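Q: Pasting the sequence and the predicted coordinates here, then a few questions.
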Amino acid sequence: MIEVRHLKKGFDEQSVLNDISFRIENSESVAIIGRSGCGKSVLLKHLIGLLKPDSGEVLIDGENIVPMNERQLLRVRRKFGMVFQSSALFDSMTVAENVAFGLRRHEQLTEAEIAWRVASALEVVDLPGTENKNPAELSGGMRKRVGLARAIIYEPQIVLYDEPTTGLDPIVSDSIDKLMMHVRDNLKVTTVVVTHDMRTARRVGNRVLMMHDRRIYASGAPDEFFASRDPVVRQFVDGVADAKN
Amino acid sequence: MIFSANQRVAESLAGLGRFTLLAKEAAVSLFTLKVAWRDLLYQLFFVGVKSQTVVLITGAFTGMVLGAQTYFQFHKVKMDTATLAVVGVSMSSELGPVLTALMVAGRVGAAIAAELGTMRVTEQIDALRTLATHPVDYLVVPRVLAGLIALPLLTVESISIGIAAGYLAGVVLLGIDPTYSWLHMLKYTGDTDVAIGLIKAFTYGGILTLVGCYKGMTCGLGAEGVGKATTEAVVTASIAILITNFFLTLSLERLFNSL
């Protein structure tokens, strides 16, 4: 369970998050949407302790991670898998080495077991046989899939996605959406996805949170949220620019 | 203007504090964690084996020029056979460790800063953290350990080839008496000089790798940030090595003389 209480964060005196509070239950899937630069990714990074808030609390299974130092956070982070917007694959390693990274660091497995787990994870993300490729040889969509395989191979309880479909064509985006739904439904993980993509938010989220003006502006089940008549929600969902723009 | 100067001093002190914390974290990790031998071996190959060419060339030509220049001065006062003694002492306690460290700082310090800087701007360091891996354990410790092991070994090579090259320049090219030169070198170059050189090399190995790691892991965003971090790593490590050298020379000479 993830709980955020009165979270505040600013950079160089510019406030980005202001009094954010919400709760995500186990196995729930939440899509966080909002305009570019509204602080969605900053919020996501707080959930796994990559950023420290100026004030407020982030509780993971009831444990406040804000006062923890980097070494204490390692234990909590074993509950997480994270897929980055840029994929963030280790470019000095092959696909197999990337995917196996978490296993090699934290589990005592034989090489044969690791190879089998890597092959299975790559099968799940529909990239069988790519073990020996380098990240530079992969397309954007393939890199995202490898990032997802790396995040789920050690069966985390929570998977965070930072703009997983940004920069991908609609067909590849569709395949990534289906993968996220597959992981959500089959591995029963808690899912938090930050996205601009309304289709992704609608399909992957059981609940949608919209950020606006440094806080959670609206939230609700996808059907209810996308039917909202609130002008700010409608403007974002319909993709209408401000008159001055 | 005063505000700007104050700000610079404050930033420098904050940077020094962050560097000290990184060094402390690396030391804690070094003494408490199991070393990843595969990573350490790769770094030893990169820091040590791959630096040999540049270190050997530097050592050889430094030894030769030192031998030739010393001979030109000593020849005026008929002290030709003391030439190799000067080369031996200088290469062992000063030029060997310092020039090796400066060359390795240029090659390895820059490469470490560029690699870790690129990892930072492409979120690879954040990815490491999300995979429950401490960046200091995985990135810093193998590099610093490789520096601590490789620099003394490279320095031994540099000293050896420097003395051999000085001998060749003096004896073969300038015609100094080989027997007396060799005896004088053995007489005046002591174990202490070599020990001082190796202690210095060990220290510089730690400095240049830690500075490279620090600059890479704290670099600014984008290609400009990585480029700046790379330059700063070389400049900072070189200055730190030269300043440290002065204090090490004073303290180690006094320490060994008092023993």
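A: That came through, no problem. Remember, predicted model here, so these are calculated numbers, not experimental data.

Q: So which bits of chain A are right by chain B?
A: Residues of chain A lying close to chain B (CB under 8 Å from any CB of the partner chain) are A:45, A:48-50, A:70-71, A:73-75, A:77-78, A:80-82, A:84-86, A:88-91, A:101-102, A:105-106, A:150-151, A:160. C-betas here are computed from N, CA, C, even on glycine.

Q: any low-confidence regions in chain A?
A: For chain A, the stretches with pLDDT under 70 are A:243-245.

Q: those helices in it, which residues are they?
A: Secondary structure of chain A by DSSP state H: the helices cover A:40-47, A:70-77, A:95-106, A:111-124, A:140-152, A:170-186, A:198-204, A:222-226, A:231-238.

Q: in what helix or strand does the residue nearest to B:L174 when sequence neighbours are not counted lie?
A: Distances taken as CB to CB, 6 or more residues apart in numbering or on different chains put B:Y71 closest to B:L174, at 5.1 Å, once the chain neighbours are dropped. Using DSSP states H and E, B:Y71 sits within helix B:52-76.

Q: Could you pull up the residues touching the residue nearest the centre of chain B?
A: Centroid-nearest residue in chain B: B:A101, 2.2 Å away (criterion: CA atoms, centre = their mean). Residues in contact with B:A101 (CB atoms under 8 Å, 6 or more residues apart in numbering or on different chains) are B:L151, B:T155, B:K200, B:A201, B:Y204, B:G205, B:I207, B:L208, B:I241.

Q: what's the closest of the residues you listed to chain A?
A: Chain A has its nearest neighbour among these in B:L208, at 20.9 Å by CB to the nearest CB.

Q: Near that closest one, how many residues? Count them for me, please.
A: Neighbourhood size, B:L208 [other CB atoms under 10 Å in any protein chain shown]: 32.

Q: so it is in which element?
A: Secondary structure assigned from DSSP H and E places B:L208 in helix B:191-217.

Q: average pLDDT across that helix?
A: When pLDDT is averaged over helix B:191-217, the result is 95.

Q: next one: stretch B:146-159
A: 96.

Q: CA atoms only: put that stretch into PDB for me.
A: The C-alpha trace of stretch B:146-159 is given here as PDB (Å, rounded to 0.1, in the frame of the first residue of the first chain):
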ATOM      1  CA  ALA B 146      41.200  -0.400  -8.900                       C
ATOM      2  CA  GLY B 147      42.900   3.000  -8.600                       C
ATOM      3  CA  LEU B 148      44.400   2.100  -5.200                       C
ATOM      4  CA  ILE B 149      45.800  -1.200  -6.600                       C
ATOM      5  CA  ALA B 150      46.800  -0.100 -10.100                       C
ATOM      6  CA  LEU B 151      48.600   3.200  -9.400                       C
ATOM      7  CA  PRO B 152      51.400   1.700  -7.200                       C
ATOM      8  CA  LEU B 153      52.000  -1.000  -9.800                       C
ATOM      9  CA  LEU B 154      52.000   1.600 -12.700                       C
ATOM     10  CA  THR B 155      54.400   3.700 -10.600                       C
ATOM     11  CA  VAL B 156      56.800   0.900 -10.200                       C
ATOM     12  CA  GLU B 157      56.800   0.500 -14.000                       C
ATOM     13  CA  SER B 158      57.300   4.200 -14.400                       C
ATOM     14  CA  ILE B 159      60.200   4.300 -11.900                       C
END
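
Q: Pull the residues that contact it.
A: For stretch B:146-159, the external contacting residues (CB under 8 Å, 6+ apart) are B:40, B:43-44, B:46-48, B:51-52, B:55-56, B:58-59, B:91-92, B:96-97, B:99-101, B:104, B:108, B:194, B:197-198, B:200-202, B:204-206, B:208-210.

Q: among those residues, which ones are buried?
A: B:40, B:43-44, B:46-48, B:51, B:55-56, B:58-59, B:91-92, B:96-97, B:99-101, B:104, B:108, B:194, B:197-198, B:200-202, B:204-206, B:208-210 (16 or more other CB atoms under 10 Å in any protein chain shown).

Q: where along the stretch 101-250 of chain B do the helices fall?
A: Per DSSP state H, counting those that start in this stretch, the stretch 101-250 of chain B carries helices over the ranges B:110-121, B:124-130, B:135, B:141-167, B:178-188, B:191-217, B:222-258.

Q: can you put those helices in CSV and add distance to A:R184?
A: Shown next, in CSV, are the helices of the stretch 101-250 of chain B (distance: least, CB to CB, whole Å):
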stretch, distance to A:R184
helix B:110-121, 30
helix B:124-130, 18
helix B:135, 30
helix B:141-167, 37
helix B:178-188, 75
helix B:191-217, 34
helix B:222-258, 35
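
Q: To A:G37, which of those helices lies closest?
A: A:G37 lies closest to helix B:222-258 among the helices of the stretch 101-250 of chain B, at 17.2 Å (CB to CB).

Q: Run the contact check for the closest one versus chain A.
A: No: on the criterion CB under 8 Å from any CB, helix B:222-258 is out of touch with chain A, staying 13.0 Å away.

Q: Remind me what that helix packs against, helices and strands.
A: helix B:96-104, helix B:110-121, helix B:191-217 (3 or more CB pairs under 8 Å, 6 or more residues apart in numbering or on different chains; DSSP states H and E).

Q: Reformat those helices into a markdown table and put distance to A:D126 next to each item.
A: A markdown table is the format used below for the helices and strands packed on helix B:222-258 (distance: least, CB to CB, whole Å):
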| stretch | distance to A:D126 |
| --- | --- |
| helix B:96-104 | 46 |
| helix B:110-121 | 28 |
| helix B:191-217 | 35 |
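
Q: Of all these, which one is nearest A:G129?
A: So among the helices and strands packed on helix B:222-258, helix B:110-121 is nearest, using CB to CB, at 27.4 Å.

Q: Which residues does that closest one contact?
A: Contacts of helix B:110-121 (CB under 8 Å, 6+ apart): A:90, B:46, B:124-125, B:139, B:143, B:209, B:212-213, B:215-219, B:221-222, B:225-226, B:229-234.

Q: Could you measure from B:A114 over to A:I48?
A: 27 Å (CB to CB, to the nearest Å).

Q: So for the two, which residue has more residues nearby?
A: More crowded of B:A114 and A:I48, by other CB under 10 Å: A:I48, with 24 against 19.

Q: Report the contact partners of the closest residue to the more buried one other than its chain neighbours.
A: Distances taken as CB to CB, 6+ apart place A:F80 nearest to A:I48, at 5.1 Å, with adjacent residues excluded. When the contact criterion is CB under 8 Å, 6+ apart, the partners of A:F80 are A:I48, A:P156, A:Q157, A:I158, A:V159, A:L160, B:T130.

Q: Now intersect these with the strands, please.
A: A:I158, A:V159, A:L160 (DSSP state E).

Q: okay, these in TSV with neighbour count next?
A: Below are the ones in strands among the contacts of A:F80 laid out as TSV (neighbours: other CB atoms under 10 Å in any protein chain shown):
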residue	neighbour count
A:I158	22
A:V159	22
A:L160	25
